[in-house]
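**Student:** The following comprises the amino acid sequence and a computationally predicted model.
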Amino acid sequence: MSIPVIEVVVAVIIKSDRSFLLARRPKSNPCGGYWEFPGGKIEPGESRPYALNRELMEELGIQAELSYPWITLVYTYSHATVRLFFYRIEKWHGEPYGKENQELSWQFVDDVKVTPMLPTNVPVLRALSLPPVYQITNAADLGVENILIKLKNSFQHGTKLAQIREPAMKKDDLRLFAHKVVELAHYYGVKVLMNRDTELSREIGADGVHFSSAQLMAATSRPEVNLCGASCHNIEELFQAERLGIDFVVLGPVLSTLSHPGAIPMGWRKFAAIIRDFPLPVYAIGGMLPEDLTTSWEYGAHGIAMMRG
């Protein structure tokens, strides 16, 4: 007897202070007493956005104003397999309250105080901890001193994730430069990934490593680092990243970019089609500017990765 697959829309409702809303399942429900993100089953004939708004009104008495498709997770319980379509809700009308007498609680990703939580929350919380902008160094064009000044300014203004990517830099120069970036970044609470080089990442005290697409496809396991990203250009590479348990990917080029002048940009529609129902957070890369962030959310991205932008 096959286990039924239940499709569910899930709302990650986020305040301006980046806290998010959790609800506690009634004791009478399966997994009763567990905390989860609000949501519910998609009824026959419903689109995902329609089901999302219906569930928000039925459960919380609110109406979404800005909602963005995000990640999709599949989880098998003893009684059923659920396919969870997560949406980020950035703006809404009304004040959430438990219309079904469920307990509600606003939490922060680095300090979740409610327990127990459904196991499906673990990858969601990990994805939520990633900031919307991924900055990539570009000392080859700007010079070491200039890029360090720009990085400091960026970190002071809220950037929380950066990658050291300097393929043309000599190894000794790269080691010295990377040490300076990590020291500066950690002072401002920024996480840093080293491009390609896991050994150097550990040596300089970085927070992880970022695989090239070639490294990703050649890998047989995820490196033993705290945080691992990977560059992807197609569905096959996305599948490999999922199989290895990579934390996030960048996909592109979405728009024309000076970094890869010969590459044909995929555009936003193809980008959205490739990442549809993908379980990992995806950063759009290639020609990105700060004003492209909202557009990236509309097409299902977690955020944007920028070098010159």
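**Tutor:** In hand now; what should we look at?
**Student:** quick one, what contacts Val254?
**Tutor:** Counting by C-beta atoms under 8 Å, 6 or more residues apart in numbering, Val254 touches 265-268, 271, 284-288. From N, CA and C alone the C-beta is placed, and that goes for glycine too.
**Student:** which SS state does it fall under?
**Tutor:** coil (DSSP: H, G, I helix; E, B strand; the rest coil).
**Student:** coming back round to it: secondary structure, neighbour count and distance to Asn146 for the contacts of Val254 - can I get that in TSV?
**Tutor:** Below are the contacts of Val254 laid out as TSV (DSSP: H, G, I helix; E, B strand; the rest coil; neighbours: other C-beta atoms under 10 Å; distance: C-beta to C-beta, whole Å):
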residue	secondary structure	neighbour count	distance to Asn146
Pro265	coil	16	27
Met266	coil	20	31
Gly267	helix	13	32
Trp268	helix	18	31
Phe271	helix	24	31
Ala284	strand	31	26
Ile285	strand	29	22
Gly286	coil	25	23
Gly287	coil	21	21
Met288	coil	28	20
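**Student:** quick one, what contacts His233?
**Tutor:** Shown in contact with His233 (C-beta under 8 Å, 6+ apart): 213, 251-252.
**Student:** Export these as JSON lines, with columns for neighbour count.
**Tutor:** Listed next are those as JSON lines, based on neighbours: other C-beta atoms under 10 Å:
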{"residue": "Ser213", "neighbour count": "18"}
{"residue": "Leu251", "neighbour count": "27"}
{"residue": "Gly252", "neighbour count": "24"}
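**Student:** Check which element follows the helix or strand of the chain with the lowest mean pLDDT along the chain.
**Tutor:** Least confident helix or strand, the chain: helix 139-142 with a mean of 89, by mean pLDDT, DSSP states H and E. Next along the chain after helix 139-142, taking DSSP states H and E as the criterion, comes helix 144-156.
**Student:** and that next one, which residues are buried?
**Tutor:** Along helix 144-156, these residues count as buried under the neighbour rule (16 or more other C-beta atoms under 10 Å): 144, 147-148, 151, 154-155.
**Student:** Of the contacts of His233, just say which sits nearest to Lys113.
**Tutor:** Leu251 (34.5 Å; C-beta to C-beta).
**Student:** Using a markdown table, lay out the buried residues of helix 144-156 together with distance to Pro167 and pLDDT.
**Tutor:** Shown next, in a markdown table, are the buried residues of helix 144-156 (distance: C-beta to C-beta, whole Å; pLDDT from 0 to 100):
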| residue | distance to Pro167 | pLDDT |
| --- | --- | --- |
| Val144 | 15 | 95 |
| Ile147 | 14 | 96 |
| Leu148 | 18 | 97 |
| Leu151 | 18 | 97 |
| Ser154 | 21 | 95 |
| Phe155 | 23 | 97 |
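**Student:** between these, which is closest to Val109?
**Tutor:** Phe155 (19.5 Å).
**Student:** quick one, phi/psi of the spatially closest residue to the closest one that is not a sequence neighbour?
**Tutor:** Nearest residue to Phe155, sequence neighbours excluded (C-beta to C-beta, 6 or more residues apart in numbering): Tyr188, at 3.9 Å. Main-chain torsions, Tyr188, degrees, to the nearest 10: phi -100, psi 10.
**Student:** ok, now how distant is Tyr188 from Thr159?
**Tutor:** 8 Å (C-beta to C-beta, to the nearest Å).
**Student:** The two: which has the busier surroundings?
**Tutor:** Thr159 (19 against 15; other C-beta atoms under 10 Å).
**Student:** how about that one, secondary structure?
**Tutor:** When classified by three-state DSSP, Thr159 comes out as coil.
**Student:** Phi, psi for it please.
**Tutor:** phi -60, psi 130.
**Student:** Need the per-residue pLDDT for it.
**Tutor:** pLDDT, Thr159: 96.
**Student:** elements contacting the least confident helix or strand of the chain?
**Tutor:** helix 144-156 (3 or more C-beta pairs under 8 Å, 6 or more residues apart in numbering; DSSP states H and E).
**Student:** how about the helices in the protein?
**Tutor:** With DSSP state H as the criterion, the chain has helices at 48-60, 121-128, 139-142, 144-156, 171-187, 198-203, 213-218, 235-244, 267-275, 293-298.
**Student:** Could you pull out the buried residues of the longest one?
**Tutor:** The one in question is helix 171-187. Neighbour count says helix 171-187 has 174, 177-178, 180-182, 184-185 buried, by 16+ other C-beta under 10 Å.
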